[in-house]
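[1] any chance you can model this:
(one chain, ligands or ions: 1)
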Amino acid sequence: MQQLPDDFFTPEEARLLSTIRQAADALGIRARVVGGYVRDKLLGRPTKDADIVCEGDGILLAHEVAKAFQPRPNVAFFKAFGTAQIRLASGFEVEFVGARKESYRGESRKPDVEHGTFEEDEIRRDFTINALSVPLYGTDGWQVHDPFNGLEDLKQRIIRTPLDGDTTFSDDPLRAMRAARFASQLGFDIFPDTRAAMTRTASRLSIVSQERVTDELNKIILSPKPSVGFIHLFDTGLLQQFFPQLPTLAGVEMVEGKGHKDNFYHTLQVLDNVAARSQDLWLRWAAILHDIAKPATKKFEAGKGWTFHGHDAVGERMVPKIFKALKLPLNEHMKYVAKLVGLHLRPISLSKDAITDSAMRRLLVDAGDDLEDLMMLCESDITSKNEVKVRRYLQNFALVKERLEAVEATDAMRNWQPPVSGDDIMQLFGLPPGREVGLLKQAVRDAILDGVIPNTRDAALDFVKTQAIALKLR
Ligand code: CTP
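    Here you go, the predicted model:
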C-alpha cells in the first residue's frame, strides 16, 4: 500500500468516494475504486468515469449509493453481468461490479458471473497499471493498493500483463488491441514478453466483434502520435487480422535498381503530420486511406520508373468497402473521407503547370467547404527527407492557396451550383430524366467553369438552348 496525499482527489471526488464508502459500510461489504480512473489520476490525466469493485452485489451497492444523491440518479443495471451504472448530474459516470473470478470480457459468452474476492478479481485484469486500486474501507486517508508493481510500471511507462500474456490475452483477445491503444495514448512502451504474447495470440482477435476492435482502433487514431499504435498492430500481426488493405502498403519493390517509397510508413507519417494539426477523426481517416489504392495501381514503366496512376480515384471507390468491413458509419463522414482521398492529388497538380483560373475554380467547386482540410492533408503528404524539396513543395502550395483565394474572392465559387438545374433542363425541353439531361448539365457546368460563358442564369439558358440544337433535341 502506498499513502496518497490528502488532496489527491478533488473535494467533489472525495465526497463521492466517501459516499460510496458509507453505502458499502451500510451493506456490510467492502469496495474499492479500481482501473483506469486510478491510473489516470496518478498520471494527472483528466477522468470522466470511475469503476467500483466490491466483494458482494454491485447492483445493490449502486442502488444504495444512488439513495444518497438529490435528485436521485437513475441506476442502469445488467443483471446477467452483475454490473450497474450511475450518471451523476455533473456528467461523471460510476460503474459498479462485484469482484469476479473470471476476466473482464466486454462481451462474455457466459454471462453467469462467478463471484470472487478482490485478489481473484485483480489477477484477471488486463495490465498491471489497470489493476491499481484505492480501498474505500479500513484506515483513514487514501492509499493505493498495488498488487503487481503497477506503480513502478507507471513510472517506467510500461504496459505489462499481471499474468503471463498468453493467459491474459486468451481471456479477452481485445486486450492486445488495448495494449497498443494504451501505448499510443500514454506514450508507453509494451513490455517485450507482453508484446511477444500479443503476436502469438493475434489470430484470436477474430472472435471479437468488429465494433469493439474498431472502437480501439479509433482511440489509437485519436491519440497524439497514432503511428505508435499502428506500428504495434502491424509488428504483432493484429492489423493484418482486420484491416489487410493497410499492411499491403508495406514494403519496397525494386526493378532495374529503382525502388519506390514504403507506402505503409509514408502513410503513418502523413497520419502523424495530420494529427499534429487536427483533432478530427475523419481527417485522420482520410490520411490513413489517401494512398490505399497504391498496391492496386502500381506499375513499373520502362524509362519512367514506378507509377500509381489513378490511385486517387480507385482509392475513393475503396473507401465505402473498407468502412463497411470495419463497421465505420456509412454516412456523411464516409463521403467526406472518400472525397478527400479522391481529391488528394489535385492541389499538387495545380502547383505544377501553368495553371488556368478554370482549374482553380474546379477545385474550389469540387472541394467546397472541405478545401482547408484538403490542403492540410496535401501539406501533410509531403514526407520527403530532402529539406530543399520540402521547402519547394510548401512554397508551391502556398502559391496555390493564394491563387485559390484570389479566384474565390472574384468568383465566390465555393459550394457553387450551376444557375440552370436538371429540373430546368427537363422542363425546357420536355425531357424525362436521363442521359441527355446529364450531358446538358455537364456542358453548362464546364462552360461556366472554363469561362466560356458568364455565371448567370440568362447566359446559361442561352447556352443550353444552343447545345440542345447541337444534340438535335430541338
Ligand atoms: N478491463 C480488463 N480487460 C478488458 C477491459 C477492461 O481487464 N478487456 C479492466 C481494467 O482493469 C480496466 C477496467 O476494467 O482498467 C475498466 O475498463 P475500461 O473502462 O474499458 O478501460 P479504462 O482502463 O478505464 O480506460 P479507458 O477509460 O481509457 O478506456
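[2] quick one: contacts for Gln2?
    143-144, 146, 151 (Cβ atoms under 8 Å, 6 or more residues apart in numbering). No exception for glycine: its C-beta is placed from N, CA and C like everyone else's.
[3] the residues you listed, buried ones only, as a ChimeraX selection?
    Buried members of the contacts of Gln2, defined by 16 or more other Cβ atoms under 10 Å, are picked up in ChimeraX with:
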select :143,144,146
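[4] and of the contacts of Gln2, the nearest to the ligand?
    Using Cβ to the nearest ligand atom, Asp146 comes nearest to the ligand of those, at 13.2 Å.
[5] thought that closest one was touching Val134?
    No: look at Asp146 against Val134 with Cβ atoms under 8 Å: they stay out of range, at 10.3 Å.
[6] quick one: pLDDT of the residue nearest to Ala99 when sequence neighbours are not counted?
    Among residues not flanking Ala99 along the chain, Asp121 sits closest, at 3.8 Å (Cβ to Cβ, 6 or more residues apart in numbering). With respect to pLDDT, Asp121 scores 94.
[7] secondary structure element holding Asp121?
    Applying DSSP states H and E as the criterion places Asp121 in helix 118-123.
[8] what does the helix or strand following that helix contact?
    Downstream of helix 118-123, the next assigned helix or strand under DSSP H and E is strand 133-135. Contacts to strand 133-135, defined as Cβ under 8 Å, 6+ apart, come from residues 4, 17, 30, 32-35, 38, 53, 118, 122, 142-145.
[9] one more pass at 10 Å, please.
    1, 4, 8-9, 17, 21, 30-35, 37-38, 41-42, 50-53, 118, 121-122, 125, 142-147, 150 (Cβ atoms under 10 Å, 6 or more residues apart in numbering).
[10] among these, which are in reach of the ligand?
    35, 51, 125 (Cβ under 6 Å from any ligand atom).
[11] got phi/psi on the closest residue to Arg362 other than its chain neighbours?
    Excluding the flanking residues, the one nearest Arg362 by Cβ to Cβ, 6+ apart is Leu449, at 5.4 Å. Backbone torsions of Leu449, given as degrees, to the nearest 10, read phi -60, psi -30.
[12] can you read off the pLDDT for Leu449?
    For Leu449, the model assigns a pLDDT of 87.
[13] swap in Val113?
    Confidence score, pLDDT, at Val113: 66.
[14] for Asp369, same thing?
    94.
[15] what's the closest non-adjacent residue to it?
    In this structure, Asp369 finds its nearest non-sequential neighbour in Asn415, 6.5 Å apart by Cβ to Cβ, 6+ apart.
[16] residue contacts, whichever residue of the stretch 301-450 of the chain sits closest to the ligand?
    Nearest residue of the stretch 301-450 of the chain to the ligand (Cβ to the nearest ligand atom) works out as Lys327 at 18.4 Å. Lys327 makes contact with 209-215, according to Cβ under 10 Å, 6+ apart.
[17] 8 Å instead, please
    Lys327 touches 210-211, 214, counting by Cβ under 8 Å, 6+ apart.
[18] neighbour-wise, which of those residues leads?
    In terms of neighbour count, Thr214 stands highest of those at 19 neighbours, by other Cβ atoms under 10 Å.
[19] that older thread, and the residue nearest to Arg362, how close does it get to Ala359?
    9 Å (Cβ to Cβ, to the nearest Å).
[20] more crowded one of the two?
    Neighbours per residue (other Cβ under 10 Å) separate Leu449 from Ala359, with Leu449 holding more: 22 against 17.
[21] pretty sure Met360 is touching Glu405, no?
    No: under the criterion of Cβ under 8 Å, Met360 makes no contact with Glu405, lying 9.7 Å away.
[22] which one of those two has more residues nearby?
    Using other Cβ under 10 Å, the more surrounded residue of Met360 and Glu405 is Met360, with 21 against 12.
[23] and that one, that's in a helix?
    Yes: when DSSP: H, G, I helix; E, B strand; the rest coil is applied, Met360 is found to be in a helix.
[24] residue contacts, it?
    350, 403-404, 407.
[25] ok, 6 Å please
    Counting by Cβ atoms under 6 Å, 6 or more residues apart in numbering, Met360 makes contact with 403-404, 407.
[26] next: Ala313.
    Residues in contact with Ala313 (Cβ under 6 Å, 6+ apart): none are found.
[27] one more time with 7 Å, if that's ok
    Counting by Cβ atoms under 7 Å, 6 or more residues apart in numbering, Ala313 touches Gly342.
[28] in the chain, where's the longest helix?
    helix 387-411 (DSSP state H).
[29] state the mean pLDDT of the following helix or strand past that helix.
    Using DSSP H and E, the helix or strand that follows helix 387-411 in sequence is helix 422-429. Average pLDDT, helix 422-429: 92.
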